[in-house]
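>>> Got a predicted structure here, sequence first:
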Amino acid sequence: MVDKDPMDSRIHNIDKVKHSGQVFTPDYLVGNILDCSEYAGQRILRKHVIDNSCGDGAFMCAFVERYCRAFLSECTDKTILKQELEQYIHGIEIDGKAYQCCLQNLNSLAQTFGLDDVKWDILNDDTLQVDAFDGKMDYVIGNPPYVRVHNLEGSYNKVKTYHFANGGMTDLYLVFFEIGLKMLRNGGCLCYITPSSWINSLAGANMREYINSTHCISELIDIGHFQPFEAMTYTMITKMVKGKKNDSIAYYTYDGEKHDKVFVENLSYSEIFVNGNIILGRAEAIRDYTEMIRNNCYSFVQVKNGFATLADKVFISDDFPFDDYVINVIKGSTGKWRKGFFPYDSKGKPLPKDVIFSKPKVAEYLNAHKKDLLKGKTEAEKKDWYLYGRTQALKDVFVNKYSINTVIKDVDSIKINEVKKGCGVYSGLYILGNVDYDTICSIIKSQKFIDYVSILKKYKSGGYYTFSSRDLEVYINYQLGTKQN
């Protein structure tokens, strides 16, 4: 159990210099990450720590503050303290202005401890090109860059040489995991906050293979819906210990109001890897998910995407100035009924143009919106300009189905509606199959479905999740199959 070492007020009181154009880590989150890594108390003395993308020094200042407090609790010799800060605290920053800001922030903090002229071991360099710290660090801690590697220009060829880069189609933070692990001694600890996408993305495949073979992760804190960075992706804190093979991972979620982790369960490595991806949640929910994926042999229903007119303002309305070719349509995301102009036959085939335009009011309406429908093209380039932009869902108008929204938070947020033949669905999914409404509702409007969707980790803002047609189809068919058995 780590002795919590809260951030001293000194860090908050110094006038930090920030360089614009970079994403910096808030102090409370820095504290969370250092606590997770157990960089606190007497254990950190004479241990090497590095932030290999240190920016303006959020983590560096926290290292120094914790080191000074731990040192001064047992010794008052500031000459030795200064020497140890120079020897054991390390950093790398590629951006010259951020590098200078970091030095200023560290110097300001050091002065609050009565220290001057500390020769900080911080390199103004490209971490991809630095190997001086390899195999020497006890801690690698930080918030690595999230940039897509194809934006790196001159560094791209170097990035491709890393195994975790997966041939170059990746995010830079994955490469920093590999770099960080190389920097560690055996038994050393890496602790990063990064996007959580590595648990199931194609780009993260090589890293997951490494994790599965080494069992190096000891703790994960899923930040989930809470977004500590403005306009950023969903994130996770990952703790790895080099050379230690763990039987399980301590899995936590995050309380965004209290700024603290919340223990969920210890998850077995044998359970969390499913089809090469990592699945996180309560162990029971993971087992249910795994059973679903591995026994996906039922086909009671199909789930499809609704209309994609690509011009809803033209094809969907509360009222049209004509009745020809108009059907009732439901917006799956809200359950609201409207009218839809549907220039197709009962099999979803387009009606002949001359037939459609033989109706004067229809022709007048379409011609009035012709510019919007052509979308900058000529009529010769887009001969079917008066039709929907996509053909999906057209042939299912004249069959019974159920609509459902794809952004949900809890059971009460799920909207399922019966859609009779002759009616359409847009902005949502629909379910086809010979299953009655009550059965469909009992399967989907359940906490079990919410648990299933939450495990998919497809976050939306405001505490919501989303899911695909395939996700829903697998779930319904499995539940119907188990009911039959």
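Nice, I can see it. Numbering: from 1, shown residues only.

>>> Residues in a beta bridge with Val419, which ones?
Listed beta-bridge partners, Val419: Lys401 (assigned using DSSP bridges).

>>> my read: it touches Lys331, true?
No: contact criterion Cβ atoms under 8 Å: Val419 and Lys331 do not qualify, at 11.2 Å. From N, CA and C alone the C-beta is placed, and that goes for glycine too.

>>> which one of these two has more residues nearby?
Val419 (23 against 20; other Cβ atoms under 10 Å).

>>> Which parts of the stretch 1-150 of the chain are helices?
For the stretch 1-150 of the chain, applying DSSP state H, counting those that start in this stretch gives helices covering 9-13, 27-37, 58-72, 78-88, 96-112.

>>> residue ranges for the strands of the stretch 301-450 of the chain, please.
Under the criterion DSSP state E, counting those that start in this stretch, the stretch 301-450 of the chain contains strands at 302-305, 316-317, 326-331, 336-341, 401-404, 407-408, 416-419, 424-426, 429-432.

>>> For burial, what's the neighbour tally of Asn52?
Close neighbours of Asn52, defined as other Cβ under 10 Å, add up to 25.

>>> residue ranges with poor pLDDT in the chain?
Scanning the chain for pLDDT under 70 picks out the ranges 1-23, 149-154, 167-169, 231-232, 485.

>>> What are the structural domain limits within it?
Domains of the chain are assigned by automatic domain parsing as 9-281, 302-350+388-484.

>>> Take those domains and lay them out in CSV including distance to Pro360.
Compiled in CSV, these are given as follows (distance: least, Cβ to Cβ, whole Å):
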stretch, distance to Pro360
domain 9-281, 49
domain 302-350+388-484, 9
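
>>> what's the helix or strand for Thr194?
Using DSSP states H and E, Thr194 sits in strand 184-195.

>>> who does that strand touch, helix- and strand-wise?
Contacts defined by 3 or more Cβ pairs under 8 Å, 6 or more residues apart in numbering; DSSP states H and E place strand 184-195 against helix 27-37, strand 137-142, helix 172-183, strand 235-241.

>>> continuing past the last one, what's the next helix or strand?
Proceeding C-terminally, strand 235-241 gives way to strand 248-255 as the next helix or strand, assigned by DSSP H and E.

>>> now do the second one
Of the helices and strands lying after strand 137-142 in sequence (DSSP H and E), the nearest is helix 156-159.

>>> which parts of that following helix are buried?
Judged by neighbour count (16 or more other Cβ atoms under 10 Å), helix 156-159 contains these buried residues: Val159.

>>> re the thing from before, now the next helix-or-strand element following the strand holding Thr194 and helix 172-183, what's the angle there?
Next helix or strand after strand 184-195 toward the C-terminus (DSSP H and E): helix 205-214. Angle, helix 205-214 to helix 172-183, by axes from the mean of the first three to the mean of the last three Cα atoms, to 10 degrees: 40 degrees.

>>> Now do helix 205-214 against strand 235-241: the angle between them, please.
Using the same axes, to 10 degrees: helix 205-214 against strand 235-241 is 40 degrees.

>>> could you measure Asn400 against Tyr386, distance?
28 Å (Cβ to Cβ, to the nearest Å).

>>> Looking at the two, which one has more neighbours?
Tyr386 (25 against 15).

>>> out of everything not next to it in sequence, what's closest to the more buried one?
Of all residues not flanking Tyr386 in the chain, Leu366 sits nearest, at 5.0 Å (Cβ to Cβ, 6 or more residues apart in numbering).

>>> isn't Ile199 right up against Arg208?
Yes: contact criterion Cβ under 8 Å: Ile199 and Arg208 qualify, at 7.3 Å.

>>> Quickly list what's touching both of these two.
Taking Cβ atoms under 8 Å, 6 or more residues apart in numbering as the contact rule, Ile199 and Arg208 both touch Asn277, Ile278.

>>> so how many other residues sit close to Asp255?
Neighbour tally, Asp255, other Cβ under 10 Å: 12.

>>> Remind me which helix or strand the residue nearest to it when sequence neighbours are not counted belongs to.
Sequence neighbours aside, Val262 is the residue nearest to Asp255 in space, at 5.4 Å (criterion: Cβ to Cβ, 6+ apart). In this assignment (DSSP H and E), Val262 forms part of strand 260-268.

>>> Tell me which residues are up against that strand.
Residues from elsewhere that reach strand 260-268 (Cβ under 8 Å, 6+ apart): 32, 36, 221, 237, 247-255, 280-283, 286.

>>> out of these, which are buried?
Of the contacts of strand 260-268, these count as buried by 16+ other Cβ under 10 Å: 32, 36, 221, 237, 248-254, 280-281, 283, 286.

>>> What distance do you get for the nearest residue to Gly424 once chain neighbours are set aside to Lys483?
In space, and not counting its chain neighbours, Gly424 is closest to Val329: 4.2 Å by Cβ to Cβ, 6+ apart. Relative to Lys483, Val329 is positioned 31 Å away (Cβ to Cβ).

>>> Ramachandran coordinates for the residue nearest the centre of the chain?
The chain has Tyr234 as the residue nearest its centroid, 3.9 Å off, counting by Cα atoms, centre = their mean. Dihedral angles of Tyr234 (phi, psi; degrees, to the nearest 10) stand at phi -80, psi 140.

>>> just to revisit the earlier point, just want to know which of Val329 and Lys483 has more residues nearby.
Using other Cβ under 10 Å, the more surrounded residue of Val329 and Lys483 is Val329, with 28 against 11.

>>> can you pull the contacts of that one?
By Cβ under 8 Å, 6+ apart, the residues touching Val329 are Phe307, Ile316, Trp337, Arg338, Lys339, Gly340, Cys423, Gly424, Val425, Tyr426.

>>> can you check Lys445 too?
By Cβ under 8 Å, 6+ apart, the contact set of Lys445 is Val411, Ile414, Ile416.

>>> Pull up the gap between the last one and Gly424, please.
If you measure Ile416 against Gly424 using Cβ to Cβ, the figure is 16 Å.

>>> And the first one, by the same measure?
When Cβ to Cβ is applied, the distance between Val411 and Gly424 equals 27 Å.

>>> ok, the two, which is more surrounded?
For the pair Val411 and Gly424, the greater number of neighbours falls to Gly424 (26 against 13), based on other Cβ under 10 Å.

>>> my guess is the more buried one meets Lys304, correct?
No: taking contacts as Cβ under 8 Å, Gly424 lies outside contact range of Lys304: 11.8 Å.

>>> Identify the contacts common to these two.
Residues touching both Gly424 and Lys304 (Cβ under 8 Å, 6+ apart): Ala393.

>>> Which residue is the nearest non-sequential neighbour of Asp116?
In space, not counting the residues next to it along the chain, Asp116 is nearest to Ala110; the distance is 7.1 Å by Cβ to Cβ, 6+ apart.

>>> for the one you found, what are its contacts?
Applying Cβ under 8 Å, 6+ apart to Ala110 gives the contacts Val64, Leu85, Asp116, Val118.

>>> residues in contact with the second one?
Contact partners of Leu85, counting by Cβ under 8 Å, 6+ apart, are Val64, Tyr67, Cys68, Ala110, Leu115, Val118, Trp120.

>>> What's the separation between it and Cys191?
Separation of Leu85 from Cys191 (Cβ to Cβ) stands at 20 Å.

>>> same check, this time on the first one
Applying Cβ to Cβ, the value for Val64 to Cys191 is 17 Å.
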